[in-house]
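Peer 1: Attaching a predicted model along with its sequence, questions to come.
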Amino acid sequence: MIQGKVIDQSGTRITGATVKLTREGQSQGQEVQTDENGQFYFFNVAPGPFQVTVTSEGLTAQTVSGTLKSDETYVVPQITLPIATQVTEVRVGLPLDELAETQMAVEEKQRVLGFIPNFYVSYIPNAAPLSSKRKFRLALKTTTDPMTFVAVGLVAGTNQAANRWEGYGQGAEGFAKRYGASYADVAVGTFVGGAILPSLLKQDPRYFYKGTGSKKSRFLYALGSSVYCKGDNGHWQPNFSNIGGNFAAGGIATLYYPPQDRHGARLVVSIALVRIGETAVANVLQEFVFPKLTSNAPRRAQSQP
């Protein structure tokens, strides 16, 4: 067996790096991905000389050679991948608008299980900022996606079965009113929190996948992203867009919810807090579950736990 560990220059374990094992006289090698601890393993390897090449997006590839003896477990010295300065320089030189459009085109194809939209996540940590036009485009694409209408129908049906918003009544008319209210909640929250406020405040509405570090650090990062976000300037800041969007959705909801269910400020705060909590839960799923289930996501992200 051959095993080893991969880190970056800061000492952080690299998850999802591609490790290729090649042998003399063999045209093709074996490939594995590093796990959440940055470890990689090759089992049932025949004795003899070998080479291990490690690659990861944005970092400089490294190659290590060794000789495996019979019945030996060969531990490769810890491999450190430095930042690929040449690649960084080339990317910085690209037109920013062109780079943003290319990256967003990929995001617009991301779907969990191949059909559930997963547009508001970036698997590129230093992705180009979105222009106001693109923020509105992303909101429109999300709110008009067929699966959004299906999801709203499920929510409306669940609310009707539980007789939530009793003032809407039952039957087809009651379902139609609940459907309209549920869709309005989604549309208002998406456009205000994902386009209008991010454009005014110059904040990025996307979740930036972390994928490295301990499970605890990633979990806390995911939870915190509901109230903390990346600005268009690349700096982290309070997520006023998400918070404000959720309170706006709660405030506007008082215009169309049944009068007996509005309850003034209590309804606004209740809706806002629930939606902020939903965002936190969704971010945890984005960090630990959705990358493995999302089609068209970058290969590195798909391989991460």
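Peer 2: Okay, I see it. Computed from a predicted structure; not experimentally measured. Residues are numbered from 1 along each chain as shown.
Peer 1: going forward, measure contacts and count neighbours with C-alpha atoms only.
Peer 2: OK.
Peer 1: mind listing the helices in the protein by residue range?
Peer 2: 85-93, 96-107, 132-143, 146-161, 171-191, 197-201, 215-224, 240-253, 265-288, 290-293, 299-302 (DSSP state H).
Peer 1: In JSON lines, list the ones you listed along with mean pLDDT.
Peer 2: Converted to JSON lines, the helices of the chain look like this (pLDDT from 0 to 100):
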{"stretch": "helix 85-93", "mean pLDDT": "48"}
{"stretch": "helix 96-107", "mean pLDDT": "89"}
{"stretch": "helix 132-143", "mean pLDDT": "97"}
{"stretch": "helix 146-161", "mean pLDDT": "96"}
{"stretch": "helix 171-191", "mean pLDDT": "95"}
{"stretch": "helix 197-201", "mean pLDDT": "97"}
{"stretch": "helix 215-224", "mean pLDDT": "94"}
{"stretch": "helix 240-253", "mean pLDDT": "92"}
{"stretch": "helix 265-288", "mean pLDDT": "91"}
{"stretch": "helix 290-293", "mean pLDDT": "90"}
{"stretch": "helix 299-302", "mean pLDDT": "43"}
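Peer 1: right, and those helices - which one's nearest residue 29?
Peer 2: helix 299-302 (18.8 Å; C-alpha to C-alpha).
Peer 1: Output the helices of the chain as JSON lines; include the columns distance to residue 69.
Peer 2: Formatted as JSON lines, the helices of the chain follow (distance: least, C-alpha to C-alpha, whole Å):
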{"stretch": "helix 85-93", "distance to residue 69": "37"}
{"stretch": "helix 96-107", "distance to residue 69": "45"}
{"stretch": "helix 132-143", "distance to residue 69": "55"}
{"stretch": "helix 146-161", "distance to residue 69": "55"}
{"stretch": "helix 171-191", "distance to residue 69": "59"}
{"stretch": "helix 197-201", "distance to residue 69": "59"}
{"stretch": "helix 215-224", "distance to residue 69": "35"}
{"stretch": "helix 240-253", "distance to residue 69": "57"}
{"stretch": "helix 265-288", "distance to residue 69": "38"}
{"stretch": "helix 290-293", "distance to residue 69": "36"}
{"stretch": "helix 299-302", "distance to residue 69": "32"}
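Peer 1: In JSON lines, list those along with mean neighbour count and distance to residue 7.
Peer 2: Converted to JSON lines, these look like this (neighbours: other C-alpha atoms under 10 Å; distance: least, C-alpha to C-alpha, whole Å):
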{"stretch": "helix 85-93", "mean neighbour count": "11", "distance to residue 7": "17"}
{"stretch": "helix 96-107", "mean neighbour count": "15", "distance to residue 7": "26"}
{"stretch": "helix 132-143", "mean neighbour count": "18", "distance to residue 7": "35"}
{"stretch": "helix 146-161", "mean neighbour count": "16", "distance to residue 7": "39"}
{"stretch": "helix 171-191", "mean neighbour count": "19", "distance to residue 7": "38"}
{"stretch": "helix 197-201", "mean neighbour count": "19", "distance to residue 7": "35"}
{"stretch": "helix 215-224", "mean neighbour count": "16", "distance to residue 7": "16"}
{"stretch": "helix 240-253", "mean neighbour count": "22", "distance to residue 7": "34"}
{"stretch": "helix 265-288", "mean neighbour count": "18", "distance to residue 7": "20"}
{"stretch": "helix 290-293", "mean neighbour count": "21", "distance to residue 7": "21"}
{"stretch": "helix 299-302", "mean neighbour count": "19", "distance to residue 7": "15"}
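Peer 1: Which one of those lies nearest to residue 55?
Peer 2: Smallest distance to residue 55 across the helices of the chain (C-alpha to C-alpha): 10.4 Å, for helix 299-302.
Peer 1: on that earlier part again, quick check: which of the helices of the chain is nearest to residue 16?
Peer 2: Closest approach to residue 16 among the helices of the chain (C-alpha to C-alpha): helix 299-302, 5.5 Å.
Peer 1: Break the chain into its domains for me.
Peer 2: According to automatic domain parsing, the chain is divided into the following domains: 2-86, 94-302.
Peer 1: so how far is the last one from its chain's centroid?
Peer 2: Read that as domain 94-302. Centre-to-centre, domain 94-302 and its host chain are 12 Å apart (C-alpha atoms, centre = their mean, to the nearest Å).
Peer 1: Would you mind measuring from residue 279 to residue 48?
Peer 2: Residue 279 is 52 Å from residue 48, where distance means C-alpha to C-alpha, to the nearest Å.
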